[in-house]
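S.K.: sequence and predicted structure are below.
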Amino acid sequence: MPGNCFLESAIIVQTREVAESTYITGLKSRLIAPLVTPGQFLMVSFPETSDPLLPRAFSVCDATADTLSLFYVAVGRGTRRISKLKPGESLVLNGPLGKGFPEMRSAQKIWAAVGGSGAALIPILARAASKTSADIHFYYGARTGKQLVGFDEAANLEYATDDGSKGFRGNVVQLLIEKMKNGMPDLLFGCGPTPMLISMQKEFGARVPTYLSVETPMACGMGLCQGCPVRKAGKKDYYLACKDGPVFRSNEIEFEADL
Amino acid sequence: MTPDLRVRIGELELKNPIMTASGTCGYGDELSDYFDISILGAVVSKSLTLKPKIGNEPPRVAEVACGMLNSIGLANIGVQAFINEKMPKLNKLGALIIVNIAAKRVEDYVALSEALAGNASIRGLELNLSCPNVKEGGIEFGTDVRTLSTIVKRVRKVFPRALVVKLTPNVTRISEFAKAAEAEGADGVTVANTYVGMAVDVYSREPRIHTVTGGLSGPAIKPLTMAKVFEVSKAVRIPIIASGGIFVWQDVVEYMIAGATAVEIGTALFTKPDAPAGFLKSMGEYLSHENVSAVSELIGSLRAKLENVPHLKRG
């Protein structure tokens, strides 16, 4: 999409710790925010430094006319540093990049399973669904209740925790299996850790149109380096997560065997 | 007065010394979302092979301190698809195109060069004899002076325009390879490809890229490559294209002072895809400020006493 991506220096408005080591950082973004669709991502870098060198990929948590927010678990050097930036400091954003989830239609019944930093998608999906009057339900999984973040934006949200401390006891895929006993959605979205996506592909890929947002190491996010291959289903060939994805129809891709 | 930024590689005139490095700018057109690529001295394509290649298994990239490791494995669409699908786009964008090629047999280098010689808008050829991550186009060609000579000699016969040889830094004395390229009629040498490197995940005890070792690029390697550019500049008369860890405009100037005629920007594009545009602007300001009327005056202008260099082999 020529001319639709921008490099933008974005000022931080605020950063909130929303769960254990989990943050939401809001930024002023005049160029990118109005264009982002759910599931697209940004490459985020620090101005004027070569350490850390490479930009980090973030899916956009929410976007309005001139602001957007990033949701992340601060586990690495880059994310920890972003979590400590003060309002008024800036980050460099490159985006919107990649292909997001398919556009939702009115009255369409959509189930979105999220886990880990995949929960980032709840606000932006909820906003897009309400715009088109799609009927979206979220299923949000974590190991324990302390890791779950409350999102006011989502009206229909159910939790699954491995230890049963909040919501359904078990993982989010087990919860979906239970739910499907009483009816199927029109579309299923998945965004979370790779084992969750593999299990969604296996359980639901053949039963309902399923779209998965993959996570893979990425250097540039623009197709320059070819560093983010995703195996094409049944072929000896690769997609690039950055240009062809990160959201793929589940039956288009194969996950690496050793994951 | 606006400084004259033109430089020459053989008979090829570049409007300025800033090029993009093969494998870091896709096929060139991806960058045009961020800036007008016709302002560049040249765009160097990804390494092309005779047939398409799917490349290595993931993970292919890993970040390390001030640099990154990559092992892409020459994933590319193949020379015919490039000529048919990408060249028309690149011509439309007004970019000066140099094509980088890789192969696993001498005959394939010749076949690739013949295929590209027929397209006049491919203004130059860069031979990848130095990729650390695959057998073809790889270390065994780039680390044997006789093989390098054979390939350059054979390609020289079939490709009439600018011919540049991209050297590997993973040798004891890179200037021997530069001299061999010059002797066989190369118009220039690119110094250099990436350095063989490695990183390990301490929890899984697995290598951080699939092929265990990969090519190290980024600011981490700039002083290493600077020394190699200097070494080569004392050994050959043909132009040197410096490539290694350029991250700010001063790096471009530094390489030119050390002996380079032009430079290739690589890993920096991943963070700042419009970096070359900024470098050009800042370089122009630097030249005006220093009262330098032509950028070519910088080439090899290092103020150093050669007798102070302990390991420099002369001649």
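M.R.: Good, I have the coordinates. Numbers count the residues shown, from 1 in each chain, chains lettered A, B, ... in the order given.
S.K.: please make it C-alpha for all contacts and neighbour counts, starting now.
M.R.: Fine.
S.K.: now do B:P132, the pLDDT please.
M.R.: For B:P132, the pLDDT comes out at 61.
S.K.: got it, and A:T49?
M.R.: pLDDT, read off for A:T49, is 86.
S.K.: same question for the one 10 residues further on.
M.R.: Here, the pLDDT recorded for A:S59 equals 92.
S.K.: same deal with the one 4 residues further on?
M.R.: With respect to pLDDT, A:A63 scores 94.
S.K.: how about the one 3 residues further on?
M.R.: Looking at A:D66, its pLDDT is 95.
S.K.: how about the contacts made by it?
M.R.: A:K28, A:S29, A:R30, A:L31, A:A33, A:P34 (Cα atoms under 8 Å, 6 or more residues apart in numbering or on different chains).
S.K.: ok, the residues you listed vs chain B, which is closest?
M.R.: Within the contacts of A:D66, proximity to chain B (Cα to the nearest Cα) peaks at A:L31, which comes in at 13.1 Å.
S.K.: I'd say that closest one and A:E8 touch.
M.R.: Yes. Using Cα atoms under 8 Å, A:L31 is in contact with A:E8, at 7.1 Å.
S.K.: when the two are compared, which one has more neighbours?
M.R.: A count of neighbours by other Cα atoms under 10 Å in any protein chain shown puts A:L31 above the other of A:L31 and A:E8, at 21 against 18.
S.K.: could you list every residue that touches the more buried one?
M.R.: So A:L31 contacts A:F6, A:E8, A:D66 (Cα under 8 Å, 6+ apart).
S.K.: what sits closest to the last one if chain neighbours are left out?
M.R.: The one in question is A:D66. Once flanking residues are discounted, A:D66 sits nearest to A:R30: 4.6 Å by Cα to Cα, 6 or more residues apart in numbering or on different chains.
S.K.: residues from the stretch 151-300 of chain B in reach of chain A?
M.R.: Within the stretch 151-300 of chain B, the residues that sit near chain A (Cα under 8 Å from any Cα of the partner chain) are B:G218, B:P219, B:F247, B:L269, B:F270, B:T271, B:K272.
S.K.: now whichever helix or strand B:E126 is part of: average pLDDT?
M.R.: Assigned by DSSP states H and E, B:E126 belongs to strand B:122-128. Averaged across strand B:122-128, the pLDDT comes to 97.
S.K.: what lies in contact with that strand?
M.R.: By Cα under 8 Å, 6+ apart, strand B:122-128 touches B:12, B:44, B:47, B:96-102, B:113, B:116, B:137-138, B:161-167.
S.K.: each with direction, which strands does the helix or strand hosting A:Y139 pair with?
M.R.: When elements are assigned from DSSP H and E, A:Y139 belongs to strand A:135-142. Sheet pairing here is set by DSSP bridges, and for strand A:135-142 it gives strand A:109-115 (parallel), strand A:157-161 (parallel).
S.K.: just to revisit the earlier point, tell me which of the contacts of A:L31 is nearest to A:L176?
M.R.: Nearest to A:L176 among those is A:D66, at 35.5 Å by Cα to Cα.
S.K.: for the stretch 1-150 of chain B, what lies in contact range of chain A?
M.R.: So far as Cα under 8 Å from any Cα goes, the stretch 1-150 of chain B lies against chain A at B:23-27, B:30-34, B:54, B:57-63, B:65-68, B:70-72, B:75.
S.K.: looking at those residues, which are in helices?
M.R.: Among those, DSSP state H puts none in helices.
S.K.: can you list the low-confidence ranges for chain B?
M.R.: B:131-140, B:313-315 (pLDDT under 70).
S.K.: re earlier: what strands flank the strand holding B:E126, and is each parallel or antiparallel?
M.R.: Strand B:122-128 has these strand partners (DSSP bridges): strand B:97-101 (parallel), strand B:162-167 (parallel).
S.K.: looking at those, which is buried most?
M.R.: The highest mean neighbour count among these, using mean count of other Cα atoms under 10 Å in any protein chain shown, belongs to strand B:162-167: a mean of 27.
S.K.: wait, what's in contact with residue 220?
M.R.: Because you didn't say which chain, this covers chain A. A:M43, A:L54, A:P55, B:L269, B:F270, B:T271.
S.K.: my question was about chain B
M.R.: B:A65, B:C66, B:G67, B:G245.
S.K.: which SS class is it?
M.R.: Three-state call for B:A220 (DSSP: H, G, I helix; E, B strand; the rest coil): helix.
S.K.: and what about the closest residue to A:D62 other than its chain neighbours, helix, strand or coil?
M.R.: In this structure, A:D62 finds its nearest non-sequential neighbour in A:I124, 4.5 Å apart by Cα to Cα, 6+ apart. Recorded secondary structure, A:I124: helix (three-state DSSP).
S.K.: then B:V253?
M.R.: With three-state DSSP as the criterion, B:V253 reads helix.
S.K.: who's in contact with it?
M.R.: Shown in contact with B:V253 (Cα under 8 Å, 6+ apart): B:M283, B:L298.
S.K.: next: A:N94.
M.R.: Counted by Cα under 8 Å, 6+ apart, A:N94 has contacts A:C5, A:F6, A:L7, A:E8, A:L42, A:M43, A:V44.
S.K.: again, only this time at 10 Å
M.R.: A:5-9, A:32, A:41-45, A:55, A:57, A:220-222, B:34, B:271-273 (Cα atoms under 10 Å, 6 or more residues apart in numbering or on different chains).
S.K.: of those residues, which belong to helices?
M.R.: Secondary structure from DSSP H places B:T271 of those in helices.
S.K.: among the contacts of A:N94, name the buried ones.
M.R.: Among the contacts of A:N94, the ones that count as buried by 16 or more other Cα atoms under 10 Å in any protein chain shown are A:5-9, A:32, A:41-45, A:55, A:57, A:220-222, B:34, B:271-273.
S.K.: starting at the chain centroid, how far to the strand holding B:E126?
M.R.: 10 Å (Cα atoms, centre = their mean, to the nearest Å).
S.K.: format the strands paired with strand A:135-142 as a markdown table; extra columns: mean pLDDT, mean neighbour count and distance to B:S282.
M.R.: Below are these laid out as a markdown table (pLDDT from 0 to 100; neighbours: other Cα atoms under 10 Å in any protein chain shown; distance: least, Cα to Cα, whole Å):
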| stretch | mean pLDDT | mean neighbour count | distance to B:S282 |
| --- | --- | --- | --- |
| strand A:109-115 | 97 | 24 | 45 |
| strand A:157-161 | 96 | 22 | 52 |
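S.K.: need those in CSV with distance to A:E178, can you?
M.R.: Compiled in CSV, the strands paired with strand A:135-142 are given as follows (distance: least, Cα to Cα, whole Å):
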stretch, distance to A:E178
strand A:109-115, 13
strand A:157-161, 12
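S.K.: out of these, which gets nearest to B:A183?
M.R.: So among these, strand A:109-115 is nearest, using Cα to Cα, at 60.7 Å.
S.K.: pull that closest one out as CSV, backbone CA atoms only.
M.R.: Presented in CSV, the C-alpha positions along strand A:109-115 are these (Å, rounded to 0.1, in the frame of the first residue of the first chain):
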residue,chain,number,x,y,z
LYS,A,109,-21.1,-13.2,15.2
ILE,A,110,-17.5,-13.0,16.0
TRP,A,111,-15.5,-14.7,18.8
ALA,A,112,-12.1,-13.4,19.6
ALA,A,113,-9.7,-15.5,21.8
VAL,A,114,-6.9,-13.5,23.3
GLY,A,115,-4.0,-14.3,25.7
